[in-house]
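Engineer: Provide a 3D model corresponding to the input given below.
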Amino acid sequence: MKKIVMVLTAAVLLGFLVYQGSMAFFHAETQVGAKISAGSLGIDLIESTNETNAEKTENGYKFMSVLPGAEIKSSVHVENVKEHTLYVRVTATKYWEDGNGNKLPDADASLIKLVTKDPANWIIMDDAANSNSENVYFYYRKPMKSDEVSTNLMDAIQISPELKDTNYSTYQVHLSFDAEAVQSISGKDAVLSEWGAEIEFDENGNIISVED
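Structural biologist: Residues are numbered from 1 along each chain as shown. Model (predicted):
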């Protein structure tokens with residue numbers, strides 16, 4: 001079974017996971033970024049890890065000798081750093097690339113797993129198993145008040161233990177996170193305008209359903 005090296009990086013918008021079978025290891029980097037819908041809104045995406053075998057690098061962390069199917073503990077959450085109450089959506093983009101960085105749209109994106117230990121506060125929309133979609137959408141159910149911190153949208157990354165196709169040994173994996181926010185005062189109309197999604201709320205302003 002192939003050994004894995006994983007590198008995690010918290011930065012802005014773009015990240016890569018690299019799978020190199022000829023070297024018999026797995027190398028990974030993740031990066032996170034945030035967008036705001038108005039200048040007075042502010043959100044931060046925070047990534048952290050407490051892996052005891054993590055080696056600090058210039059751009060993040062490196063994890064050695066990790067087997068396919070093992071969970072690499074790397075958490076991502078959102079913080080509201082300004083004064084407005086917000087609704088938040090995070091988009092994770094994951095897909096395979098060849099060794100030259102060219103996207104491979106037919107490669108199975110569902111083999112790249114994002115693990116959420118406690119998903120109760122998130123509506124997670126992931127259709128990769130059925131449509132090979134590269135995007136996973138995380139809608140935070142609660143309106144986030146100033147200085148509020150969300151629960152983790154991701155607690156770990158996993159490359160599926162079902163990955164047996166030797167063609168993947170030369171592939172790379174792209175993984176990125178992008179957060180967006182709209183003011184809660186505009187609610188349903190703002191979400192539809194900014195995100196193109198139909199949202200239903202309960203009497204407390206919590207999101208109970210999402211339809212793209």
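Engineer: give me the beta-bridge partners of Tyr140?
Structural biologist: On the basis of DSSP bridges, Tyr140 is bridged to Trp122.
Engineer: repeat for Glu211
Structural biologist: Beta-bridge partners recorded for Glu211 (DSSP bridges): Glu198.
Engineer: likewise Ser176?
Structural biologist: Residues in a beta bridge with Ser176, per DSSP bridges, are Gln31, Thr93.
Engineer: can you map out the helices along the chain?
Structural biologist: 128-131, 187-195 (DSSP state H).
Engineer: how about a markdown table for those, with mean neighbour count and mean pLDDT added?
Structural biologist: Bear in mind the C-beta positions are built from the backbone N, C-alpha and C, glycine included. A markdown table is the format used below for those (neighbours: other C-beta atoms under 10 Å; pLDDT from 0 to 100):
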| stretch | mean neighbour count | mean pLDDT |
| --- | --- | --- |
| helix 128-131 | 12 | 76 |
| helix 187-195 | 16 | 79 |
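Engineer: most centrally placed residue in this structure?
Structural biologist: Centroid-nearest residue in the chain: Ala92, 3.8 Å away (criterion: C-alpha atoms, centre = their mean).
Engineer: what residues are up against it?
Structural biologist: Neighbour list for Ala92: 114, 135-138, 154, 175-177 [criterion: C-beta atoms under 8 Å, 6 or more residues apart in numbering].
Engineer: between the residues you listed, which has the most around it?
Structural biologist: Phe177 (27 neighbours; other C-beta atoms under 10 Å).
Engineer: so that residue touches His77, yeah?
Structural biologist: No - between Phe177 and His77 there is no contact under C-beta atoms under 8 Å: 10.7 Å.
Engineer: So, low pLDDT: which residues of this protein?
Structural biologist: Applying pLDDT under 70 to the chain picks out residues 1-41, 53-67, 165-166, 173.
Engineer: count of residues packed around Met125?
Structural biologist: Counted with other C-beta under 10 Å, residues neighbouring Met125 total 17.
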